[in-house]
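Asks: take a look and give me a structure for this.
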Amino acid sequence: MNAELLPFLLALALLQDPAPTPATPAPADGPGAAVRAEYTVRLVDPHAEVVTVEARFRAPAGRSTLELGLPPRVGFAALSAPRIEALAAAGPGTEGADAPPPAAPERLSPWHWRVALDAQGEARLNWRVPQDHRRLPAVRSANDAYEFPYVAPDHGLLVAGTLFLAPTEGPVHARARFFLPAGWDVVAPWHQVDPLTFETDDPLALADDLFAVGAWEVDTVSRGGFEALVAFAPDQTALRPIVVPPILRIVTRELERFGTRPRDRYLFLFGRADTSGFAGSPKTGSMSLVVPLGAPPDIVNAHVGHLIAHEFHHTWMRSIALLPGELRFYGEGFTDYVAYLVTTGLGITTLDEFRQEVERKLATYTDAAETTRLSLADAGGDAFFQDHHAYRQVYDGGLLLALLVDLELHAHGKDLAALQRRFQGDPRWRAGATPDLDALEAALAAELDAGEAARLVGLARGSEPIDFRAELARAGVEVERTEERAVEPLRANLQGTTLAEMDPDGTAARIGLTSGDRVIELNGVEVADAAAVRAAWMEAKERIRAVVERAGERVEIDTEIPLAVRYGLPPEALQPLL
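Replies: Take a look at the predicted model:
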């Protein structure tokens with residue numbers, strides 16, 4: 001056995017709480033009965049980039065119609081309508097060849113349909129889904145392609161939320177059977193019942209889970225009812241020895257924090273590298289990840305460790321309930337904070353790197369909150385998807401609020417993991433209730449007291465930017481504030497010498513450089529590759545001088561390094577929290 005796997009397996013064996021088990025399918029009829037959904041998924045010719053789906057639905061007795069839907073969003077990119085074609089009812093049904101053809105599905109909205117059921121309570125539908133999502137302008141402009149499906153000649157990534165019209169009310173028992181080109185297999189997070197056949201009773205899984213089909217390479221670790229699968233697309237297989245060991249260490253540590261397993265099976269997918277940056281997004285029982293081709297191992301370690309810790313932590317809450325927008329700061333910011341605790345505790349992130357990230361967020365949160373003039377809770381609504389400043393406010397303000405809460409808990413001899421287990425383990429969420437700010441405040445009051453809980457959660461409710469420097473001082477952490485002209489590392493991904501996916505809060509964006517600029521000369525140095533660009537950037541003293549090619553024209557920038565506010569935490573401030 002690989003020595004890296006031993007602590008992972010031991011930790012799984014020692015978990016005290018039983019793992020959640022798949023829901024027992026409801027009886028075919030009667031109160032609480034589940035709708036049965038059987039899907040046949042066919043991918044005949046990968047070059048055609050089209051998947052066809054045949055579905056058979058059986059509803060409980062007494063139903064004459066069934067409403068079906070697709071999620072309007074499977075990532076940040078929002079499409080105006082699903083990529084679904086030739087949707088039609090199949091027939092004749094079980095009533096015989098002389099029966100009239102079944103009525104076509106009635107479209108209630110771009111994402112919802114109503115279908116008539118036959119005398120046996122069944123309906124059959126056929127449709128096809130082009131797998132061209134990654135080429136759509138809305139997806140490309142959102143830098144969100146890694147969350148969407150694709151089919152290549154030798155493999156593909158399929159997304160449940162783009163394929164499966166699913167019942168929109170009540171429990172569902174779903175089965176998906178795949179017919180694929182010769183030699184292709186399926187890697188899925190659902191329960192496998194037969195070769196190429198999988199089941200789930202989780203309606204969230206029908207909305208967004210992922211399936212790897214074709215020539216993926218897979219590492220699998222199973223123990224004590226939990227199975228972790230790590231799958232690599234053909235152009236990502238070089239990552240296997242780099243990322244599998246830290247993934248297992250991170251999953252082990254986070255399962256210890258959870259005190260239970262969110263799921264019995266989980267799938268990490270490193271998909272085709274069609275983006276220049278690192279990215280990841282958790283689904284119900286799976287995670288979509290992408291790493292730029294050729295990234296040095298040390299850069300991969302630095303980015304992927306935190307990315308995995310953040311995204312896998314999401315699965316804890318997601319396995320129970322979806323958070324509303326007013327709690328997005330908790331879902332994203334608290335999760336990001338825990339990811340730093342985990343990776344720093346494991347030595348993947350250094351304590352200095354953790355501290356520097358907190359210092360950076362103190363600056364970027366203030367700029368974002370002063371721009372939006374939204375409360376931290378309100379910034380998690382529609383603005384989160386539409387406004388970069390609201391996005392930053394949620395992530396950065398949420399992390400800083402998590403730090404404040406953790407400091408207060410530690411002062412009372414408690415920790416953040418206990419609060420999260422109390423809040424996220426509330427049985428009301430499994431019973432169908434929706435978590436809200438009041439519930440978070442009540443959970444915090446049970447760990448501290450009602451007054452302090454109201455004060456801390458009240459920070460998220462207020463429309464004025466939170467003075468985190470003053471709040472940290474109140475918690476015993478004095479933060480130094482300075483203004484200086486100092487160049488920071490280049491916050492942009494690079495494709496050769498071309499800037500891509502720039503951080504809009506970074507110095508490069510603030511001085512007028514834009515994504516797509518090809519750097520020719522920087523601070524007096526002619527550059528030939530990405531490493532030369534980053535090195536030359538750091539040579540700036542009082543001014544930044546850049547020569548770039550933009551849309552075929554030569555553009556020169558010569559400007560002072562912008563004045564920036566810097567915050568400094570005491571070196572020992574975060575150590576007690578690890």
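Asks: what pairs with the helix or strand in which residue 37 is found, and is each one parallel or antiparallel?
Replies: Under the criterion of DSSP states H and E, residue 37 resides in strand 35-42. Using DSSP bridges, the strands paired with strand 35-42 in its sheet are strand 50-58 (antiparallel), strand 172-179 (parallel).
Asks: so what's the gap between it and the chain middle?
Replies: 26 Å (Cα atoms, centre = their mean, to the nearest Å).
Asks: need the strands paired with strand 35-42 in CSV (columns: distance to residue 559 and mean neighbour count).
Replies: Heads up, the C-betas are built off the backbone N, CA and C, glycines and all. Listed next are these as CSV, based on distance: least, Cβ to Cβ, whole Å; neighbours: other Cβ atoms under 10 Å:
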stretch, distance to residue 559, mean neighbour count
strand 50-58, 50, 20
strand 172-179, 56, 21
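Asks: just the C-alphas of the strand holding residue 37, formatted as PDB.
Replies: Presented in PDB, the C-alpha positions along strand 35-42 are these (Å, rounded to 0.1, in the frame of the first residue of the first chain):
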ATOM      1  CA  VAL A  35     -41.400   9.400  -9.100                       C
ATOM      2  CA  ARG A  36     -39.400   6.800 -11.000                       C
ATOM      3  CA  ALA A  37     -37.200   8.300 -13.700                       C
ATOM      4  CA  GLU A  38     -35.300   5.900 -16.000                       C
ATOM      5  CA  TYR A  39     -32.800   7.500 -18.500                       C
ATOM      6  CA  THR A  40     -31.100   5.900 -21.400                       C
ATOM      7  CA  VAL A  41     -28.100   8.000 -22.500                       C
ATOM      8  CA  ARG A  42     -26.600   7.400 -25.900                       C
END
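Asks: list the buried residues of it.
Replies: By neighbour count with 16 or more other Cβ atoms under 10 Å, strand 35-42 contains the buried residues 35-41.
Asks: hmm, back to that, redo the strands paired with strand 35-42 as JSON lines? Include distance to residue 240 and mean pLDDT.
Replies: Below are those laid out as JSON lines (distance: least, Cβ to Cβ, whole Å; pLDDT from 0 to 100):
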{"stretch": "strand 50-58", "distance to residue 240": "28", "mean pLDDT": "97"}
{"stretch": "strand 172-179", "distance to residue 240": "25", "mean pLDDT": "97"}
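Asks: adding distance to residue 397, write those strands out as CSV.
Replies: Below are the strands paired with strand 35-42 laid out as CSV (distance: least, Cβ to Cβ, whole Å):
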stretch, distance to residue 397
strand 50-58, 41
strand 172-179, 36
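Asks: do you know which of the ones you listed lies nearest residue 322?
Replies: strand 172-179 (15.9 Å; Cβ to Cβ).
Asks: from residue 69, how far out is residue 274?
Replies: Remark: distance between residue 274 and residue 69 (Cβ to Cβ, to the nearest Å) = 29 Å.
Asks: contacting residues around the strand holding residue 37?
Replies: 28, 51-60, 66, 158, 163-164, 166-167, 170-179, 206 (Cβ atoms under 8 Å, 6 or more residues apart in numbering).
Asks: what's the closest of the buried residues of strand 35-42 to residue 456?
Replies: Using Cβ to Cβ, the buried residues of strand 35-42 come closest to residue 456 at residue 35, 42.4 Å.
Asks: what about the nearest residue in space to the closest one that is not next to it in sequence, neighbour count?
Replies: Nearest residue to residue 35, sequence neighbours excluded (Cβ to Cβ, 6 or more residues apart in numbering): residue 167, at 4.3 Å. Residue 167: 21 surrounding residues under other Cβ atoms under 10 Å.
Asks: then residue 374?
Replies: So residue 374, with other Cβ under 10 Å, has 21 neighbours.
Asks: for it, give me its contacts.
Replies: By Cβ under 8 Å, 6+ apart, the residues touching residue 374 are 383, 390, 393, 463.
Asks: any idea which helix or strand carries the third one?
Replies: Mapping residue 393 onto the secondary structure by DSSP H and E places it in helix 388-411.
Asks: would you mind listing the buried residues in the helix or strand following that helix?
Replies: Beyond helix 388-411 on the C-terminal side, the first helix or strand identified by DSSP H and E is helix 416-424. Neighbour-count burial for helix 416-424, with 16+ other Cβ under 10 Å as criterion, is recorded at 416-417, 419-421, 423-424.
Asks: ok, stretch 209-223 next?
Replies: 209-217, 219, 221.
Asks: let me see the mean pLDDT of that stretch.
Replies: Averaging pLDDT along stretch 209-223 yields 90.
Asks: state the distance from the one residue sitting closest to the centre of the chain to residue 87.
Replies: Most central in the chain under Cα atoms, centre = their mean is residue 281, positioned 2.3 Å from the mean C-alpha point. Distance of residue 281 to residue 87, given as Cβ to Cβ: 27 Å.
Asks: over to residue 328?
Replies: Counting by Cβ to Cβ, the gap from residue 328 to residue 87 is 33 Å.
Asks: neighbour count: the two, which is higher?
Replies: residue 328 (22 against 18).
Asks: part of a helix, is the more buried one?
Replies: Yes: according to DSSP: H, G, I helix; E, B strand; the rest coil, residue 328 belongs to a helix.
Asks: C-terminal to the host helix or strand of residue 440, what's the next element?
Replies: Per DSSP H and E, residue 440 falls inside helix 437-447. With elements assigned by DSSP H and E, the helix or strand that comes after helix 437-447 is helix 450-461.
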